[in-house]
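[1] no letters, just coordinates:
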């Protein structure tokens, strides 16, 4: 499984990503542990 991880800094950028990726897009709220694991590889 592959994925792209984005950290939009503004609401407009987040909305653009949601539109661009459609049903494949998922929002992560909180997720501190998840982000740390992703950064560790």
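    Noted; the coordinates are in hand. This one's a predicted model, so the numbers in the text were calculated from it and none came from an experiment.
[2] identify the residues contacting the lengthiest helix in the chain?
    In the chain, assigned by DSSP state H, the helix with the most residues is helix 11-21. Contact partners of helix 11-21, identified using C-beta atoms under 8 Å, 6 or more residues apart in numbering, comprise 6, 8, 25, 27. C-beta here means a position set from N, CA and C on the backbone, and glycine is covered the same way.
[3] now secondary structure too, for the residues you listed, in CSV please.
    Converted to CSV, the contacts of helix 11-21 look like this (DSSP: H, G, I helix; E, B strand; the rest coil):
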residue, secondary structure
6, coil
8, coil
25, coil
27, coil
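[4] pull out the buried members of these.
    Among these, not one counts as buried by 16 or more other C-beta atoms under 10 Å.
[5] and those residues, which is closest to residue 36?
    residue 6 (16.6 Å; C-beta to C-beta).
[6] count of neighbours near the spatially closest residue to that closest one that is not a sequence neighbour?
    Using C-beta to C-beta, 6 or more residues apart in numbering and skipping the chain neighbours, the partner closest in space to residue 6 is residue 17 (5.5 Å). Residue 17 has 14 neighbours, counted by other C-beta atoms under 10 Å.
[7] residue 17 and residue 33: what is the separation?
    22 Å (C-beta to C-beta, to the nearest Å).
[8] and stretch 22-30, how far out from the chain's middle?
    On the basis of C-alpha atoms, centre = their mean, to the nearest Å, stretch 22-30 sits 6 Å off its chain's mean C-alpha point.
[9] hey, which helix or strand in the chain has the poorest pLDDT?
    Sorting the helices and strands of the chain by mean pLDDT, DSSP states H and E puts helix 32-40 at the bottom, at a mean of 83.
[10] between the contacts of helix 11-21, which is closest to residue 37?
    Nearest to residue 37 among these, with distances taken as C-beta to C-beta, is residue 6, at 16.4 Å.
[11] and the closest one, how far is that from residue 32?
    17 Å.
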